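> just to be clear, the model below is a prediction. Sequence and coordinates:
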Amino acid sequence: MRARRARGASSGDVLVSSSLSCVPRLVIAAPSSGSGKTTVATGLMAAFAARGLAVSPHKVGPDYIDPGYHALATGRVGRNLDAYLCGPELVGPLFLHGARGCDIAVVEGVMGMFDGAAGEGELASTAQVAKLLGAPVVLVVDASSQSRSVAALVHGFAAWDPEVRVGGVILNKVASDRHEELLREALESAGVPVLGVLRRVAQVDTPSRHLGLVPVAERRAAAVETVAAMAAQVSAGCDLDALVGLARSAGALSCAAWDAAEALDSSPPPPLPVPTLGAAPPGPRFRPEGPRPQTPPLSASLERGDPHDGLVVAVAGGAAFTFSYAEHSELLAAAGAEVVRFDPLRDEQLPDGARGLVIGGGFPEVYASELSANEPLRKAVAALAQGGAPVAAECAGLLYLCEELDGQPMCGVLDARARMSGRLTLGYRDAVAVGDSVLAPAGTRMRGHEFHRTVVEPGAGAAPAWGVRAPAPRVEGFVQQGVHASYLHTHWASEPGVARRFVERCRTS
């Protein structure tokens, strides 16, 4: 294994491995939400980057917002690692895919360290991801209302699962030098080293609203200042050399890095029978056992190495549509599409030659009046959909395709109306395609995630998008002509055939 000194590293910095499977890595976890994981993880990413390290940023779970701050801190795309959406078997490969060319990786956890998908044991928890990655954990503890009790808390988390290696603790929201002294003294008996102490700093607080932090795209200048403040606080309060040393203690992973083109070459699992929605949901395993059958070959123009031959797929972006997994665009490109982004708040027309449209998640409810005011684009979207072109819309995209959102005219593709509500809808979903669509044949099983405070009426069309099996049986979403619109966020790396099918439909529609 070769090693090299990080770019710009001082003589006190450690060497980092140049082997992809041995990339140094840390998982940043906490006993509960609100402990300071995002501050510490983002601050560490930025602090390492300031030392000249190429940092690979990752987030456990489905959240789209934190990766935006990670990207700002590192200059690289923030990527999610979700064992529920993608399956445990893809966590390592997706991690290595994101870490290509990097010196170190920082993985921000989700909720409390052992919290995951409800009723599924450790599935999708930070602890499970740490085990799948063989990565040491740094526990961030909100110490604001405790002193000696911190030792019992840290000891409990370190001992709960012997397969999770808690390699250090960072104490957050420490009030004073005396408070720090009491905490350090208590932790001497816990056997977990203190790798950092952070005091309360108001400027690292990031504004929140109905679905969490305000995304970077909506406050970029202020977000740059926030990330810089996080980096300064972490650099001043944490032992960065010790943290890099801990990251280097992670062993090699036995899996290969995920690759979009190779994923398309692999066959998806065969479709399941369309479920009786009253049936009991399946257990944690969600891929059928046994070998995968071979899929039909790609059309000649989609074979690996061939150009995309001008087939444009428009992907919505900008401040109103910030939620998208990077692997979606990578899969579309590998399937032969030229992915062109556009901003529905600014662009009055779809990209030239668009044959298909992908509209992910975001906050159209915040920008309803501006989206409505862009009538030329609304008409262009409606015309594309009415012409039978493939359109894939998730959550925010679903709202944009409705007749109206909070009384403001939208694209009018769907005979439905959307509005804000006081109720938060949040959680993983186990779903099966009810009928054929541009994304999947009937019976295709996928796992998704819902996260919104809006209501669409009706909640499903004459041809629903999904039959949701768990947690409660129901049908959801809309399939009409080439449109597939749903509240469910899905991760196409779990089912690469979705991208292949979508591009093929773009070509033939």
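Arrived safely.

> pLDDT at the residue located most distally from the centre of the chain, what is it?
Most distant residue from the mean C-alpha position of the chain: R178, 39.5 Å away (C-alpha atoms, centre = their mean). pLDDT, R178: 97.

> what's the separation between it and R184?
11 Å (C-beta to C-beta, to the nearest Å). Every residue, glycine included, has its C-beta placed from N, CA and C.

> before we move on, what SS does the closest residue to E327 other than its chain neighbours have?
Excluding its sequence neighbours, the residue lying closest to E327 (C-beta to C-beta, 6 or more residues apart in numbering) is A493, at 4.6 Å. Under DSSP: H, G, I helix; E, B strand; the rest coil, A493 falls in the helix class.

> next: K59.
Under three-state DSSP, K59 comes out as strand.

> if I pick it, what's in contact with it?
66-67, 70, 78-81, 107-108, 110 (C-beta atoms under 8 Å, 6 or more residues apart in numbering).

> which of these fall in helices?
Judged by DSSP state H, helices contain the following of the contacts of K59: 66-67, 70.

> for these, which one is nearest R505?
Nearest to R505, judged by C-beta to C-beta, of these is P67 at 28.8 Å.

> correct me, but that closest one touches V60?
No: using C-beta atoms under 8 Å, P67 is not in contact with V60; the gap is 10.8 Å.

> overlap of the contact sets of those two?
N80.

> these two: which is more packed in?
The neighbour count for P67 versus V60, taken as other C-beta atoms under 10 Å, is higher for V60 (30 against 23).

> re earlier: so which strand or helix has the residue farthest from the centre of the chain?
Assigned by DSSP states H and E, R178 belongs to helix 177-187.

> number of residues surrounding the closest residue to E348 other than its chain neighbours?
Among residues not flanking E348 along the chain, P376 sits closest, at 4.1 Å (C-beta to C-beta, 6+ apart). Counted with other C-beta under 10 Å, residues neighbouring P376 total 11.

> and for E108?
E108: 30 neighbours (other C-beta under 10 Å).

> distance of it from E180?
The value you get for E108 to E180, if C-beta to C-beta is used, is 24 Å.

> the strands in the stretch 251-400 of the chain, which residues?
With DSSP state E, counting those that start in this stretch, the ranges of strands along the stretch 251-400 of the chain come out as 312-316, 338-342, 354-359, 391-394.

> angle of the third one against strand 338-342?
Relative orientation of strand 354-359 and strand 338-342, computed by axes from the mean of the first three to the mean of the last three C-alpha atoms, to 10 degrees: 60 degrees.

> show me what strand 354-359 is packed against.
The contact analysis (3 or more C-beta pairs under 8 Å, 6 or more residues apart in numbering; DSSP states H and E) places strand 354-359 against strand 312-316, helix 375-386, strand 391-394, helix 396-401, helix 497-508.

> what's the closest of those to R417?
When the helices and strands packed on strand 354-359 are compared (using C-beta to C-beta), the closest one is helix 396-401, at 9.8 Å.

> quick one: which of the contacts of K59 is nearest P458?
N80 (30.7 Å).

> since we're on the closest one, how many residues are nearby?
Counted with other C-beta under 10 Å, residues neighbouring N80 total 23.

> ok, and the closest non-adjacent residue to it?
K59 (5.2 Å).

> distance of the closest residue to K131 other than its chain neighbours relative to L133?
Excluding its sequence neighbours, the residue lying closest to K131 (C-beta to C-beta, 6+ apart) is E163, at 5.2 Å. Distance of E163 to L133, given as C-beta to C-beta: 12 Å.

> more neighbours: those two, which one.
Neighbour count, other C-beta under 10 Å: between E163 and L133, L133 has more, with 24 against 10.

> distance check, that one against S509.
41 Å.

> Q128 too?
Relative to S509, and taking C-beta to C-beta, Q128 is found at 40 Å.

> neighbour-wise, which of these two wins?
Neighbours were counted for Q128 and for S509 using other C-beta under 10 Å; Q128 has more, 26 against 15.

> check the secondary structure at that one for me.
Q128 - assigned by three-state DSSP - is helix.

> please name the residues that touch it.
Applying C-beta under 8 Å, 6+ apart, the residues near Q128 are 83, 88, 116, 122.

> next, give phi and psi for K173.
Here is the backbone geometry of K173 (degrees, to the nearest 10): phi 60, psi 40.

> list the buried residues of whichever strand or helix holds A223.
Using DSSP H and E, A223 sits in helix 220-237. For helix 220-237, a neighbour-count test (16 or more other C-beta atoms under 10 Å) marks 223, 226-235, 237 as buried.

> possible to save these as CSV with pLDDT and distance to T425?
Compiled in CSV, the buried residues of helix 220-237 are given as follows (pLDDT from 0 to 100; distance: C-beta to C-beta, whole Å):
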residue, pLDDT, distance to T425
A223, 86, 27
T226, 91, 28
V227, 93, 30
A228, 93, 35
A229, 92, 33
M230, 94, 30
A231, 96, 35
A232, 96, 38
Q233, 96, 35
V234, 97, 34
S235, 98, 39
G237, 97, 38
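
> of the residues you listed, which is the nearest to L488?
After measuring the buried residues of helix 220-237 against L488 - C-beta to C-beta - the closest member comes out as A223, at 28.0 Å.

> and the most centrally placed residue in the chain, how far from G98?
What sits nearest the mean C-alpha location of the chain, by C-alpha atoms, centre = their mean, is N80, with 3.5 Å. Going from N80 to G98 by C-beta to C-beta gives 9 Å.

> and what of K379?
Taking C-beta to C-beta, one finds K379 at 38 Å from G98.

> quick check: longest strand of this protein.
strand 417-433 (DSSP state E).

> other SSEs contacting that strand?
By 3+ C-beta pairs under 8 Å, 6+ apart, strand 417-433 packs against strand 404-405, strand 445-457, strand 466-470.

> how many neighbours does the residue lying closest to A334 once chain neighbours are set aside have?
Excluding its sequence neighbours, the residue lying closest to A334 (C-beta to C-beta, 6+ apart) is A260, at 3.8 Å. Using other C-beta under 10 Å as the criterion, A260 is surrounded by 22 other residues.
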